[in-house]
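*Asks:* just need the structure, nothing else, for what follows:
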Amino acid sequence: MEQNPFPMGSPVMARDMSGFPVGSPTQVVRSWRRVLYEKQPFEDNFVDTSLFMNELRQNENVHVHKYSDVMFATFPIAQQVACIVLFTKVFYSMLDREYSAVSLIGADATILLISWVVFVYMHFEDMMREDASFRQSGLRVKLVRILLIMFQFGRQLVALTSTLILLAPIITTLTATFTDDTIMAFSISAMFLNVILADYRYLSALTNRYQPNTSVNSAFFAVTMMASRFRSPLDGGAIMAFGAIVFALSPPARHSINKISRKSEAILTLLSFLASMWLMKSMKSLLLLLVIGLCVVMFVLPFFFVRLHSVKNQISGPWDEAKPKNSAAAAEWANSI
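*Replies:* This is a model prediction of the structure:
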């Protein structure tokens, strides 16, 4: 018969969480460790006050921004505003009969032809630089690849031209019951959305993936509203073709130029800025507002951003949410928040 280890009347000794009697020689004083699957002689909510603040870290993952980097990041905004100014100026010049629809269509065709050549050339250079098999291939293979690129771009041009030809007669009567003030309000709001929602990461050449959905759609809405003010289908089609070039085809071209170097990006921005000023020279008040606004966006706001970011104080420690170090787990954690 098994003997009872605690006979009647014997005192029950207190034991710690490890199972050793308190005060016995077997009991070892242990320090708390941050481990999960190990039994420790501490409560679950135990806090080691002697070590808690030792793990405090300040500005561990704070990125230090340079004024020049932030300033260059704002240059695509000036380019986007310049595109809107250019389109608006051409639109009002068409309304005032300063330009004819035939001359604008000729300009559109010239720009598209130049864009076609540049597009093929830049794709050829990219393949020569990045594709080793293409560099080692023969002349016939290279010509076939170039023809495929030309066909791809030409197919998009044919689709765009066909759409404009079919929609031009309808667009001229689309807003016949709307007043000019209503059309102006719609157009200004849509252009404002185009500036706010533009894919500036792509325009700054920080990524090669273009996501133009909302910004380009808002720009085309404004272009359609403004083109509906013309009574001639030829005029409406010409201004819509010009709008497609400015808002749909110019972003990839600007991306390629900005991708070359910072110097090319600065030159393009300067030319856009000067062109905007020249186009608005007859509107003194709007010109002054444009210059002040662009200077604030490109020079003043980056200065304050860098200045305020330099005094940022980020505190990290054991009280923060645990972040997995493994890449797959980290990606899953990032997608869950």
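*Asks:* quickly find the element holding the one residue sitting closest to the centre of the chain.
*Replies:* Most central residue of the chain, judged by C-alpha distance to the mean C-alpha position with C-alpha atoms, centre = their mean, is R201 at 3.5 Å. Under the assignment given by DSSP states H and E, the secondary-structure element containing R201 is helix 200-203.
*Asks:* quick check: buried residues in the helix or strand that comes right after that helix?
*Replies:* Elements were assigned by DSSP H and E; along the chain past helix 200-203, the next helix or strand is helix 213-227. Judged by neighbour count using 16 or more other C-beta atoms under 10 Å, the buried positions of helix 213-227 are S215, V216, S218, A219, F220, F221, A222, V223, T224, M225, M226, A227. Just so you know, the C-beta spots here come from the backbone N, C-alpha and C atoms, and that holds for glycine as well.
*Asks:* report the two of those separated the most.
*Replies:* Farthest pair in the buried residues of helix 213-227 (C-beta to C-beta) is S215 and A227. Separation: 18.6 Å.
*Asks:* just to revisit the earlier point, what packs against the helix holding R201?
*Replies:* Counting by 3 or more C-beta pairs under 8 Å, 6 or more residues apart in numbering; DSSP states H and E, the packing neighbours recorded for helix 200-203 are helix 75-95, helix 250-260.
*Asks:* for S133, find the nearest of those helices.
*Replies:* Minimum separation from S133 across the helices and strands packed on helix 200-203 (C-beta to C-beta) falls at helix 250-260, 23.3 Å.
*Asks:* name the residues that touch the closest one?
*Replies:* Residues outside helix 250-260 that contact it (C-beta atoms under 8 Å, 6 or more residues apart in numbering) are 75-76, 79, 83, 115, 118-119, 122, 198-199, 202-205, 210, 212, 264-265, 268.
*Asks:* check those residues for burial and list the buried ones.
*Replies:* The neighbour-count test (16+ other C-beta under 10 Å) marks 75-76, 79, 83, 115, 119, 122, 198-199, 202-205, 212, 265, 268 as buried among the contacts of helix 250-260.
*Asks:* any stretches of the stretch 101-250 of the chain with poor pLDDT?
*Replies:* The model of the stretch 101-250 of the chain has pLDDT under 70 over residues 130, 132, 134-135, 212.
*Asks:* residue ranges for the strands of the stretch 51-200 of the chain, please.
*Replies:* Under the criterion DSSP state E, counting those that start in this stretch, strands of the stretch 51-200 of the chain are mapped to 57-58.
*Asks:* which stretches of it form helices?
*Replies:* Listed in chain order, the helices found in the stretch 51-200 of the chain under DSSP state H, counting those that start in this stretch are 67-73, 75-95, 101-130, 132-136, 139-171, 180-197, 200-203.
*Asks:* how close does L249 get to A266?
*Replies:* Separation of L249 from A266 (C-beta to C-beta, to the nearest Å) stands at 22 Å.
*Asks:* which one of these two has more residues nearby?
*Replies:* Neighbours around L249 and A266, counted as other C-beta atoms under 10 Å, are more numerous at L249. The numbers are 17 against 14.
*Asks:* residues in contact with the residue nearest to the more buried one when sequence neighbours are not counted?
*Replies:* Leaving aside its chain neighbours, L249 sits nearest to S115 (6.1 Å; criterion: C-beta to C-beta, 6 or more residues apart in numbering). Applying C-beta under 8 Å, 6+ apart, we find S115 in contact with I245, L249, A253.
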